[in-house]
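J.: Sequence first, predicted model second:
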Amino acid sequence: MNSIARCRADELPAISEIINESAMAYKGVVPPDRWHEPYMPPAELRGEIERGVVFHGYRANEALVGVMGIQDVKDVTLIRHAYVRTAWRGRSIGRELLAHLRALTDRPILIGTWRAAEWAIRFYQRNGFELVADAEKSRLLKTYWNVPARQAEESVVLADERWREKG
């Protein structure tokens, strides 16, 4: 049986494992000066949760196989840290997680990802998000995220229809 629910505190090791295993897809795509292993150390993951990222997980037969975070920041909701175990990709898990999180908010939704992660950008575009212009991207990253300038240079932001209607 498959289900999606908010992750529990005792699932932190599994969340970390999923993020770091799945993030290997970014190795060689993320600029070398921004890449590190593990991609998200446990202390960084705990910090993200302390700053309000709430993870939801996709469970297949009780095993956590995908995670995606949601975070309210000011007047928007951010989708954060979307990862599916490599062996489970291509089964609509990311789409189901994204739909689940979208249903949790009526606020505009923004998503940031690496510019070179074309597969991630296409995924979000297939699910109703559009890239924002570079000038707007820079403003949004400064307003809603806390990322280093170098990461901002290499990132894109996608927005849902609520954001476009707001603008």
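T.: Thanks, I have it.

J.: drop to CA atoms for contacts and neighbour counts, all remaining ones
T.: Fine.

J.: lowest-pLDDT helix or strand in the protein?
T.: helix 161-166 (a mean of 89; mean pLDDT, DSSP states H and E).

J.: If you count contacts, what does that one end up packed against?
T.: Counting contacts by 3 or more Cα pairs under 8 Å, 6 or more residues apart in numbering; DSSP states H and E, helix 161-166 is packed against strand 109-114.

J.: Which strands and helices lie in contact with the strand it packs on?
T.: strand 76-84, strand 155-159, helix 161-166.

J.: returning to what we had before: which residues does the least confident helix or strand of the chain contact?
T.: 107-110, 128-129 (Cα atoms under 8 Å, 6 or more residues apart in numbering).

J.: rerun that using 6 Å as the cut-off
T.: With Cα atoms under 6 Å, 6 or more residues apart in numbering as the test, helix 161-166 has contacts from residue 108.

J.: Make residue 1 into 53 and carry on from there
T.: With the count now opening at 53, the last piece we talked about shows up as helix 213-218.

J.: In it, which residues are buried?
T.: Residues of helix 213-218 classed as buried by neighbour count (16 or more other Cα atoms under 10 Å): residue 215.

J.: ok now that helix, how far from the chain's centre?
T.: Averaging C-alpha positions (Cα atoms, centre = their mean, to the nearest Å) puts helix 213-218 19 Å from its chain's average.

J.: Give me the secondary structure label for residue 124.
T.: strand (DSSP: H, G, I helix; E, B strand; the rest coil).

J.: For it, list each beta-bridge partner.
T.: residue 129 (DSSP bridges).

J.: Fine by me, thanks again.
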